[in-house]
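> This is a predicted model, with the sequence first.
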Amino acid sequence: MRKIIPYMFVLIILLTAVSALKVIEQGEIVVEDQIDENLYAAGNEITIDANINGDLTAFGGEINVNSPISKHSTTFGGAININAPVGEGVHACGGDININSIITGDLMSAGGNINVNNGVNGDIRIMGGNINLNQNVLGDIIAMGGNININSQVFGDMVIMAGELKINSIIEGNVEVKAGKIKLGKDALIKGDLKYTSDEIMFKEEQIEGTITKEVANIKLVDINKNDLRLFGAFVLLLISIIIVLIMPNVSNKLSDTIRKKPLQTILFGLLSLIAIPAAAVLFAITIIGLPITIILIMIYILAIYLSKIFASLYIGKLIIKKPKNLVMPMALGIVIYIVLTNTPYIGGIVKFLAMLLGLGAMKVALTNFFRRNKTKKKTKKKKS
């Protein structure tokens, strides 16, 4: 039961926020007047040039936060720049993320390129392609990424999974790392213990004040909390869901409406799809000619299963928010409800299965209708000619 508590908190916050938010939805948004409540903003380009005395939630192509946020900042976008202090914590997910001002609370971030150029007074949970930590971190760090560079003092412990890790600063706590390559620069010093798994490592023993333990490659990095990994997965799922409804609002609407209009029929079609696609893949795999088709079918099958929960979540969100201006808020709400329910003991597995069937069924119905319309159009053209 304890593992669903973080999600329950998020759900309560979102449900409360629906009626307490100031909502701005347009192409280009510039906030120039102080806002004394929570702000929700969705647009192509968002610029915050005035104080927000509450939480900021923003979805956009480019987001620039140039004035202080008193509570939390939650941003999803292509490029995100946090250029002003944030009081209680930052959640940022996007392509390029730059943290250029101090964060009083924790930082949770996922993205392509992430640069932390100012201090973080809390913990860091971060995942990305390239990660650069360039200012002091007072708390602990859990990081997963391709290339990770630690160029600033860390006062807590670190758990790292990376393709390549470079440390060129003082680490006050213990370090546990699993990486293809580990390098400690001339200014690096680990005051605690070092436990590592790596094919290539470059450091001097005097750079480690504690004990040094090398583990074999198949040893699991046990100190990464499973709840942290679940939160990362939920964070990424939410980002992908928002991107889908922003890019394909009409398709997303049609699929969620299909579930609403014919839920039982949709579940039946979903069950048929769940069985039929793997069966077809096996039949094609029998012949050498069919192997490429089998691979394509399996890839489509995996993608469809992942997307199914997204469209089922949108359906749930639209049940609560009846007439949304766009699909962002119902999607976000639906995803959080889905995460809470699927992490609830006893019913979690049932909810996952039903969501998968609803989503698969809706996609099957949509594809069937699409091909029928095309077939009808072709027949009409032939008759006219």
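The structure has been received and is ready for your questions.
> Can you get me a residue count around residue 374?
Residue 374: 10 surrounding residues under other CB atoms under 10 Å. Quick note: C-beta positions are derived from backbone N, CA and C, even for glycine.
> Is it within a helix or a strand, and which one?
Using DSSP states H and E, the element containing residue 374 is helix 348-384.
> Would you mind listing the buried residues in that helix?
Within helix 348-384, the residues that qualify as buried are 351-352, 354-365, counting by 16 or more other CB atoms under 10 Å.
> Only alpha carbons, please: show the helix or strand harbouring residue 43 as PDB.
For residue 43, the element it lies in under DSSP H and E is strand 38-48. Extracted in PDB, the C-alpha atoms of strand 38-48 (Å, rounded to 0.1, in the frame of the first residue of the first chain):
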ATOM      1  CA  ASN A  38      -1.600  28.200  -9.400                       C
ATOM      2  CA  LEU A  39      -1.000  28.700 -13.100                       C
ATOM      3  CA  TYR A  40      -1.700  26.300 -15.900                       C
ATOM      4  CA  ALA A  41      -0.400  27.300 -19.300                       C
ATOM      5  CA  ALA A  42      -0.300  25.500 -22.700                       C
ATOM      6  CA  GLY A  43       1.000  27.000 -25.800                       C
ATOM      7  CA  ASN A  44       3.800  26.900 -28.400                       C
ATOM      8  CA  GLU A  45       6.000  29.400 -26.500                       C
ATOM      9  CA  ILE A  46       5.500  30.300 -22.900                       C
ATOM     10  CA  THR A  47       7.400  33.100 -21.100                       C
ATOM     11  CA  ILE A  48       7.000  33.700 -17.300                       C
END
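> could you give me the average pLDDT of that strand?
Summarised as a single mean, pLDDT over strand 38-48 is 82.
> coming back round to it: so which elements touch the helix holding residue 374?
When contacts are defined as 3 or more CB pairs under 8 Å, 6 or more residues apart in numbering; DSSP states H and E, helix 348-384 packs onto helix 249-261, helix 263-285, helix 291-320, helix 328-342.
> returning to that earlier point: what helices and strands are in contact with the strand holding residue 43?
When contacts are defined as 3+ CB pairs under 8 Å, 6+ apart, strand 38-48 sits against helix 5-20, strand 21-25, strand 28-31, strand 56-65.
> List just the nearest of the buried residues of helix 348-384 to residue 298.
The nearest member of those to residue 298, counting by CB to CB, is residue 360 at 14.7 Å.
> Tell me which residues touch the nearest residue to the closest one once chain neighbours are set aside, please.
Sequence neighbours aside, residue 270 is the residue nearest to residue 360 in space, at 3.9 Å (criterion: CB to CB, 6 or more residues apart in numbering). By CB atoms under 8 Å, 6 or more residues apart in numbering, the contact set of residue 270 is 308, 356, 357, 358, 359, 360, 361, 362, 364.
> before we move on, which element is residue 148 in?
strand 141-150.
> cool, and residue 244?
Per DSSP H and E: helix 226-247 holds residue 244.
> May I see the buried residues of the helix or strand following the strand holding residue 148?
The helix or strand immediately downstream of strand 141-150 is strand 158-167, counting by DSSP H and E. For strand 158-167, the neighbour count (16+ other CB under 10 Å) marks 158, 159, 160, 161, 162, 164, 165, 166, 167 as buried.
> and strand 158-167, what does it pack onto?
Using 3+ CB pairs under 8 Å, 6+ apart, strand 158-167 is in contact with strand 141-150, strand 175-184.
> circling back: do you know which of the helices and strands packed on helix 348-384 lies nearest residue 98?
With CB to CB as the measure, helix 328-342 is the member of those nearest residue 98 (23.2 Å).
> any low-confidence regions in the stretch 101-250 of the chain?
216-232 (pLDDT under 70).
> that older thread, closest to residue 129 out of the buried residues of strand 158-167?
Nearest to residue 129 among the buried residues of strand 158-167 is residue 162, at 10.6 Å by CB to CB.
> List the beta-bridge partners for the closest one.
Beta bridges link residue 162 to residue 145, residue 179 when assigned by DSSP bridges.
> shouldn't it be in contact with residue 146?
Yes - under the criterion of CB atoms under 8 Å, residue 162 makes contact with residue 146 at 6.9 Å.
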